[in-house]
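Visitor: I would like the atomic coordinates for the input below:
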Amino acid sequence: MKLQNANISFNSQGTPVSEAFDDVYFSNDDGVAETQYVFIDGNDIRDKWRKHEQSHFVIGETGFGTGLNIMLIMQQFAEFTHANPKHRLKKLHVISFEKYPLNIGALQKIAQSRNLLALEYKALIDAYPPELSGNHTLDMSTFNTVIHLVLGDINEHIEEVYVHEQGIVDAWFLDGFAPSKNESMWQTSVFKQLARLSKLNASFATFTAAGVVKRGLQEAGFDVKKRKGFGRKRDMLVGNLLKKPKVWTKQQAPWYARPASHFDASKTAVVVGGGIAGAICALELLRVGLNVRLICADEDVAMGASGNTIGGFYPQLQADASIASQFYAHSFLFAKRWYTHLSENTQFDHDWCGVLQLGFNENTQARYAKMLDKSLWPERLATVVDADTATEITNIQLPYGGLFLPDAGWISPVSLTKSCIDVCQTYKHFELSTSTELLQYESTGIDAPINIATTKKIRGSTSHVSNSSNKTQCDYLVLATADGSSRFLGENIALRLTRGQVEYVDAIEETRPLKTVLCHKGYFTPQVNGKHALGSTYNKLDTATDYRLSDREVNFTTHSKAMNEANWQPIITQFNEEKHPQGRAAIRCSTPDHLPLIGNMLDVGKLETQYHQLNKYNTVHNHLPATVQKNVFLLTGLGSRGLTTAPIAAKTIASQITQTCLPLSNKLLNAVNPSRFTIRSLIRKQD
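Guide: Model prediction:
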């Protein structure tokens, strides 16, 4: 999970050098000129952009290094879009792999020597992730570019990139240390993966003319030509993919396929659900150019679980590198970048004040100690602190240490949801329909519009709106309906509905200085407008939302037991016992494995027919892609982690619709695929 940073030095010319590979990151003569000649001109990028007929262009890179190649191409793409505002091409995506990422200090030092790329490097440094293995999606919106920085060994992680059947990469920058210095990267298996990710006729360019590279690319289906090298180098290689291989692999199995119809920005999407997930998804779909209608069953948005005034925002980390840990870690980092970007354009109540997960008993202390010993998580993400440090960080007396998450904090779900809607309403092609409930939908064909029928609630009564106009048709349908999703899933997936009640308690002199969110079996937030949030109960199979004094007692008892050694705990409990109770209850919607449902709506009957022998023949070459509802998507089951997971879930669906690079690895995409429970059952089936 946690990666080793690159160990670098600088030679007499000021060029960064890898100590591990004893090789420079770029030419001593002129790194910018080398990038321009080898990769940009070698792929004839500017001409490709002029002739491109899609809304996005994708570059793949095999060695991120100092980021120089991407910074230069990002600058040039921004210039291209500025000079050609009516051109169909609007967005550049770059997928780049790096086994040993530079630490932030080294990157800042290198950036200081690149004055002509100062703005690009500043944007990169602001979004630069910690050294956590996996896919990090960095939105460089100022430059109309998205960087998909994949940290870890390319031999392992290139297989984890999801690719649509036609491929995604238009051009490759085959960079990295020389094959003689780093032969493990220039492998036949990597060349085959380059072909898997590529579109037919995708180009490549590389600084090396080594025979192993030439032969490997040819065997993978590329046409390879020599070209004069940069500076004193005699030759380099360029070429195109002539033969497109199938995309299905063990990591990207056809039964977890994520299809979508041909994308066209003139199409319409309907998002159902007025909570955090629905609002964020609507905004993501607007950003890719779709016409969007958001349907909300309540009189206003954020009246369900998203109506809480404050909620903790942090990843659910464990002492092992489980799928769940990886998903929540990457979701958190993505969400933090997403919210930071949102806050630059609109206001919503939040504070990146950090979260302290308290070691309030021997079991939790042992778990955090184990986590520290394993060194699973980068210090920028989480670090273990003792009681004295915890007291200093939180600015309140604490008897325990714990796990400190410095980039975490709190967000107001209701404020966030309404702010997202405010941004949505700045788009001309957005429509909000409140007091409107989706009754049913019908997919009439693979690429045909989806018919929907709704109910309009007027003054307590309902009247059916017939499915007879464009208002009740769409090209894409996203069900972000939380506890209302069961109506559409039927018995296909047994969603778990859990009641939760939170208290709003008056701050006292001893708790008013609290700076961070405290978590134990419950949570206790810094005061906002004189109130702390204290929660939350978990009542399974209870879907009532009335406020209960019995649940209030449970919340205070849970907090008192965890914090019984804190000198302020008895005071705040006694003080608030004399106050009028304040709080609210809502329903969480989760799944049996506690991971959300993100992707195409499943059809269990068709899956069971298609894969009835999956327990016997589960190799990828024996099966066709899964039969699912192509343009109907689920975004539900987020449980109590909606603040953490909604942005990456929405981005996944928007990326799937536009057939661009997905923000999650294959193993994480499989883990949240709505068909997973059916597929697992079929694999385990005994005849």
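Visitor: how about residue 303: what's its closest non-neighbour residue?
Guide: residue 274 (7.0 Å; CB to CB, 6 or more residues apart in numbering). Where C-beta positions appear, they are placed from N, C-alpha and C, glycine not excepted.
Visitor: what do you get for residue 65?
Guide: residue 25 (4.7 Å).
Visitor: and the gap between the one you found and residue 122?
Guide: The gap separating residue 25 from residue 122 is 20 Å, by CB to CB, to the nearest Å.
Visitor: what about this protein, any weak spots by pLDDT?
Guide: Applying pLDDT under 70 to the chain flags residues 445, 458-471, 686-687.
Visitor: show me it divided up by domain.
Guide: 8-241, 351-408+496-588 (automatic domain parsing).
Visitor: got the end-to-end distance for the last one?
Guide: For domain 351-408+496-588, the first-to-last residue distance is 23 Å (CA to CA, to the nearest Å).
Visitor: how far away from the center of its chain is it?
Guide: Using CA atoms, centre = their mean, to the nearest Å, the distance from the centre of domain 351-408+496-588 to the centre of the chain it belongs to is 26 Å.
Visitor: again, but for stretch 279-295
Guide: With CA atoms, centre = their mean, you get 17 Å for stretch 279-295.
Visitor: likewise stretch 647-659?
Guide: 9 Å.
Visitor: and if you look at stretch 29-36?
Guide: Centroid separation for stretch 29-36 versus its chain: 33 Å, with CA atoms, centre = their mean.
Visitor: in JSON lines, list the domains of the chain along with distance to residue 646.
Guide: As requested, the domains of the chain are exported to JSON lines (distance: least, CB to CB, whole Å):
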{"stretch": "domain 8-241", "distance to residue 646": "15"}
{"stretch": "domain 351-408+496-588", "distance to residue 646": "13"}
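Visitor: returning to that earlier point: tell me which of residue 25 and residue 122 has more neighbours.
Guide: More neighbours surround residue 25 than the other of residue 25 and residue 122, with 22 against 13 (other CB atoms under 10 Å).
Visitor: that one reaches residue 18, doesn't it?
Guide: Yes: assessed by CB atoms under 8 Å, residue 25 is found in contact with residue 18 at 6.8 Å.
Visitor: what is in contact with the two at once?
Guide: Contact criterion CB atoms under 8 Å, 6 or more residues apart in numbering; residues shared by residue 25 and residue 18: residue 8.
Visitor: can I get the strand ranked longest in the chain in PDB? Just the C-alpha atoms.
Guide: For the chain, the strand that runs over the most residues, judged by DSSP state E, is strand 496-506. Provided in PDB are the C-alpha atoms of strand 496-506 (Å, rounded to 0.1, in the frame of the first residue of the first chain):
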ATOM      1  CA  ARG A 496     -29.500  -3.200   4.500                       C
ATOM      2  CA  LEU A 497     -31.400  -0.300   6.000                       C
ATOM      3  CA  THR A 498     -30.200   1.000   9.300                       C
ATOM      4  CA  ARG A 499     -31.600   3.900  11.400                       C
ATOM      5  CA  GLY A 500     -29.200   6.400  12.800                       C
ATOM      6  CA  GLN A 501     -29.800   9.200  15.200                       C
ATOM      7  CA  VAL A 502     -27.400  12.100  15.900                       C
ATOM      8  CA  GLU A 503     -27.500  14.600  18.800                       C
ATOM      9  CA  TYR A 504     -26.700  18.300  18.700                       C
ATOM     10  CA  VAL A 505     -25.400  19.200  22.100                       C
ATOM     11  CA  ASP A 506     -24.400  22.500  23.600                       C
END
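Visitor: which other residues reach the next helix or strand after that strand?
Guide: Using DSSP states H and E, the helix or strand that follows strand 496-506 in sequence is strand 517-519. Strand 517-519 is contacted from outside by 312, 314, 353-358, 394, 398, 408-410, 523-526, 563, using CB under 8 Å, 6+ apart.
Visitor: cool, and stretch 180-187?
Guide: Applying CB under 8 Å, 6+ apart, the set of residues contacting stretch 180-187 from outside is 21-23, 62-63, 99, 154-155, 176-177, 179, 210, 212-213, 216.
Visitor: now do the buried residues in it.
Guide: Residues of stretch 180-187 classed as buried by neighbour count (16 or more other CB atoms under 10 Å): 182, 185-186.
Visitor: columns secondary structure on top of these, output as JSON lines?
Guide: Converted to JSON lines, those look like this (DSSP: H, G, I helix; E, B strand; the rest coil):
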{"residue": "182", "secondary structure": "coil"}
{"residue": "185", "secondary structure": "coil"}
{"residue": "186", "secondary structure": "coil"}
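Visitor: list just the nearest of those residues to residue 34.
Guide: Using CB to CB, residue 182 is the member of these that sits closest to residue 34, with 17.7 Å.
Visitor: so how far is residue 25 from the closest one?
Guide: Distance from residue 182 to residue 25, by CB to CB: 12 Å.
Visitor: which residues in the stretch 151-300 of the chain form strands?
Guide: 169-174, 198-206, 222-228, 235-241, 268-272, 291-295 (DSSP state E, counting those that start in this stretch).
Visitor: tabulate the ones you listed (TSV), appending mean neighbour count.
Guide: As requested, the strands of the stretch 151-300 of the chain are arranged in TSV below (neighbours: other CB atoms under 10 Å):
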stretch	mean neighbour count
strand 169-174	26
strand 198-206	21
strand 222-228	15
strand 235-241	20
strand 268-272	27
strand 291-295	24
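Visitor: so what's residue 318 up against?
Guide: Here residue 318 is in contact with 324-325, 371 (criterion: CB under 8 Å, 6+ apart).
Visitor: tell me the contacts of residue 125?
Guide: Shown in contact with residue 125 (CB under 8 Å, 6+ apart): 104, 107-108, 111.
Visitor: next, residue 73: secondary structure please.
Guide: helix.
Visitor: look up how far residue 251 lies from it.
Guide: Taking CB to CB, one finds residue 73 at 28 Å from residue 251.
Visitor: tell me which of the two has more neighbours.
Guide: In this view residue 73 and residue 251 are compared by other CB under 10 Å, and residue 73 has more residues nearby, 25 against 19.
Visitor: what's near enough to touch that one?
Guide: Shown in contact with residue 73 (CB under 8 Å, 6+ apart): 35, 39-40, 45, 59, 92, 94.
Visitor: quick one: the helices in the stretch 401-550 of the chain?
Guide: Using DSSP state H, counting those that start in this stretch, the helices found in the stretch 401-550 of the chain span residues 413-424, 486-489, 549-562.
Visitor: pull the number of nearby residues for residue 95.
Guide: 25.
Visitor: and it, what helix or strand is that in?
Guide: Per DSSP H and E: strand 91-98 holds residue 95.
Visitor: strands paired with that strand, and their directions?
Guide: Sheet pairing for strand 91-98, assigned by DSSP bridges, gives strand 56-61 (parallel), strand 145-151 (parallel).
Visitor: returning to what we had before: overlap in contacts of residue 182 and residue 25?
Guide: Taking CB under 8 Å, 6+ apart as the contact criterion, no residue touches both residue 182 and residue 25.
Visitor: who's in contact with the nearest residue to residue 610 once chain neighbours are set aside?
Guide: Nearest residue to residue 610, sequence neighbours excluded (CB to CB, 6+ apart): residue 627, at 5.5 Å. Shown in contact with residue 627 (CB under 8 Å, 6+ apart): 603, 606-607, 610.
Visitor: could you check how far the closest residue to residue 527 other than its chain neighbours is from residue 582?
Guide: For residue 527, ignoring the flanking residues on the chain, the nearest one in space by CB to CB, 6+ apart is residue 507 at 3.8 Å. Residue 507 sits 13 Å away from residue 582, going by CB to CB.
Visitor: of the two, who's got more company?
Guide: For residue 507 versus residue 582, neighbours defined as other CB under 10 Å are more numerous around residue 507 (19 against 14).
Visitor: thanks a lot, see you next time.
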